[in-house]
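In: Sequence and computational prediction follow.
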Amino acid sequence: MKRTILLMLGLFLAFNLSAQNGESPISYKSLGLQFSSNSSNGDAASMVVPSVSSYNGFGSLIDNPAVMALAKENSVSIAWFYSNQNQTSSYLNSSASSSFGNTDFGNIGMLYKIPTSQGSLVIGAGYDLKEVYDNKAFINGRNSSSTVTDMFVDPSSSYNGIAYDAYAIEFGDVEETYYESIFRLGFTPSQYPGITQFVDVNNKRRMGEFSFFTATEFKKNLYAGISIGLTSGSSSYSRNFQEFDEFNDYDGDFIGADGNGNGGTDIERITLADDIDSDIVGVTIRTGLAYTLGEKARVGASLTLPSKLVIIESYSSGIKSDFDDGTATDTYDFFGEFEYAITRPAQFNIGGSILDIAGFSISGSAELIDYRNIKLSLLETEISDPSEKASLLQNEQEINAEIKQDYNSVANLKIGAAYKLNNRTEIKGGYALYPAKSKTYKVEQNVFSVGLSLPLTNSINFDISGQYSTWTDRSVLYSYSDVTSGNLVNSYVNQDFESLNIVAGIRFLF
């Protein structure tokens, strides 16, 4: 058990700077932020216009369950979600572009208005896609300052043992007091000739919510609602890293030599493969109020309570070396499973709407989230060894302190408008500003949305909505201790993104 825990701590804490905020995409600190951020609404009808103070479809319950009591008809909705992303990754003075798309199930929901003598009482249940993230990058270049094997030399690194077995590192002195990268043996730091690197990174995340809600007009023009949701998702990360002695700079003969120093060879290439797969589950509770002011205005507010996500991760890492003489080592690896938890911060939404003035309606909202309140718990499994438990607790406290220090309290701002034609056709447009969640590397995102609701019959509506956004980011590829200064250095990949999400759905009204 101790070996597994130390491996996990070494694997993740070696990356102490997140994708989407300039850090490592697999550090616990970064994962806390990633799993606490939702970027999608799988319901085509409510994707464009904020729903804190107006009902726009089944997905409105995500903004405020109280507005579900404003629904005029029973409905069943279903939608499909399509995401297309263009991405340019820059590393070592080279860049590579990629484009890829994914189709996913976006939403299915049922809303039923219980007959009442006055006011309204609505119940419903369904599923809504909350988060889709897909990052793929293949990059390569000549690195004249570092090698991924620099990451292995620290004896506390989870890679240290398997790197030594695979000849990726070696003792740097006769007394065997410290390790050195196999590519630095015999060179001073200023003489390091460099290495050619090929890196293939894939990072995916998908989260959805199965919800049950009820909402009522318990007093004239005053609406209240509550929803309980089961959050379920998965995340996967893979990094295939290969370093190749392209120009035969490392032409020694000490590996595998006999007692007389004959018959040896040297490294031609080293391959590192990391895979991390996660299953995520949690419960989300929302409650809200909405109040109609006269005939043309409404205000609303909702609260999403702090919620705990339990994550079960399966991980594996392997290192293999190929030699100049055509032979190779076995793949030396470690693997295991680890369970931890993330507490997502509360979210408070406020909003207002101007209703149906010459066919136009406008809604705006602010989402208040304090990401400094993310909390990580590494003690989700029974640990009998007191020293292991103390080590985990110490690391947990350090990570939570970093979160408090480095993350922001933000207000996501959204505005949307809809114009209704005489035949119930609606044209929609919207804009959202998502400020930077991190103080370390500020990634601000602007999202533009358009939508169309078109009646196919008196009881069937077709909805289609699209969102477009661009942003610039960076991600830590690996971290190492500088051989001269001893300072931690991060090897970054800079990335430019262009994303288009399209959701198309059908609503059956009865």
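Out: Sure thing, it's come through.

In: Just the pLDDT at the residue nearest to residue 256 when sequence neighbours are not counted, thanks.
Out: Leaving out its chain neighbours, the residue that sits closest to residue 256 by C-beta to C-beta, 6 or more residues apart in numbering is residue 264, at 5.3 Å. No exception for glycine: its C-beta is placed from N, CA and C like everyone else's. Looking at residue 264, its pLDDT reads 77.

In: my read: residue 264 touches residue 252, true?
Out: Yes: using C-beta atoms under 8 Å, residue 264 is in contact with residue 252, at 7.2 Å.

In: Any regions of the stretch 151-300 of the chain where pLDDT drops low?
Out: 257-261, 263 (pLDDT under 70).

In: so residue 502 touches residue 466, yeah?
Out: Yes: Residue 502 lies in contact with residue 466 (C-beta under 8 Å); the separation is 4.8 Å.

In: quick one, helices of the stretch 101-250 of the chain?
Out: Using DSSP state H, counting those that start in this stretch, the helices of the stretch 101-250 of the chain run over 160-165.

In: Strands along that one, start to end?
Out: Using DSSP state E, counting those that start in this stretch, the strands of the stretch 101-250 of the chain run over residues 121-143, 169-171, 179-181, 195-219, 222-244.

In: what about the longest helix in the protein?
Out: Of all segments of type helix in the chain, defined using DSSP state H, the longest is helix 386-406.

In: Contacts for stretch 246-254, please.
Out: Here stretch 246-254 makes contact (C-beta atoms under 8 Å, 6 or more residues apart in numbering) with 142, 182-183, 185-186, 193-196, 261, 263-267, 324.

In: Recalculate using a threshold of 10 Å.
Out: Residues from elsewhere that reach stretch 246-254 (C-beta atoms under 10 Å, 6 or more residues apart in numbering): 142, 167, 170, 182-187, 192-197, 245, 261-269, 324-325.

In: tell me what the longest helix of the chain is packed against?
Out: If you count contacts as 3 or more C-beta pairs under 10 Å, 6 or more residues apart in numbering; DSSP states H and E, helix 386-406 packs onto helix 2-13, helix 28-34, strand 332-344, strand 375-377.

In: can you tell me which of the ones you listed the model trusts least?
Out: Mean pLDDT is lowest for helix 2-13 out of these, coming in at a mean of 41.

In: Beyond the longest helix of the chain, next helix or strand please.
Out: The C-terminal neighbour of helix 386-406 among helices and strands, as given by DSSP states H and E, is strand 409-420.

In: got the CA coordinates for that following strand in PDB?
Out: Only the C-alpha atoms of strand 409-420 are listed here, as PDB (Å, rounded to 0.1, in the frame of the first residue of the first chain):
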ATOM      1  CA  SER A 409     -13.300  34.400  -6.900                       C
ATOM      2  CA  VAL A 410     -15.100  35.200 -10.200                       C
ATOM      3  CA  ALA A 411     -18.300  36.500 -11.600                       C
ATOM      4  CA  ASN A 412     -19.200  34.900 -15.000                       C
ATOM      5  CA  LEU A 413     -21.400  37.400 -16.900                       C
ATOM      6  CA  LYS A 414     -24.000  36.300 -19.400                       C
ATOM      7  CA  ILE A 415     -26.600  38.100 -21.500                       C
ATOM      8  CA  GLY A 416     -29.000  36.900 -24.100                       C
ATOM      9  CA  ALA A 417     -31.900  38.100 -26.200                       C
ATOM     10  CA  ALA A 418     -34.700  36.400 -28.100                       C
ATOM     11  CA  TYR A 419     -37.100  37.700 -30.700                       C
ATOM     12  CA  LYS A 420     -40.400  35.800 -31.200                       C
END
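
In: For residue 186, see how far away the closest residue to residue 266 other than its chain neighbours is.
Out: Spatially, and ignoring its direct neighbours in sequence, residue 266 is nearest to residue 252 (4.4 Å; C-beta to C-beta, 6+ apart). Residue 252 sits 7 Å away from residue 186, going by C-beta to C-beta, to the nearest Å.

In: how far away is residue 106 from residue 75?
Out: With C-beta to C-beta as the criterion, residue 106 and residue 75 are 16 Å apart.

In: More neighbours: which of these two?
Out: Taking neighbours as other C-beta atoms under 10 Å, residue 106 and residue 75 compare with residue 106 leading, 28 against 21.
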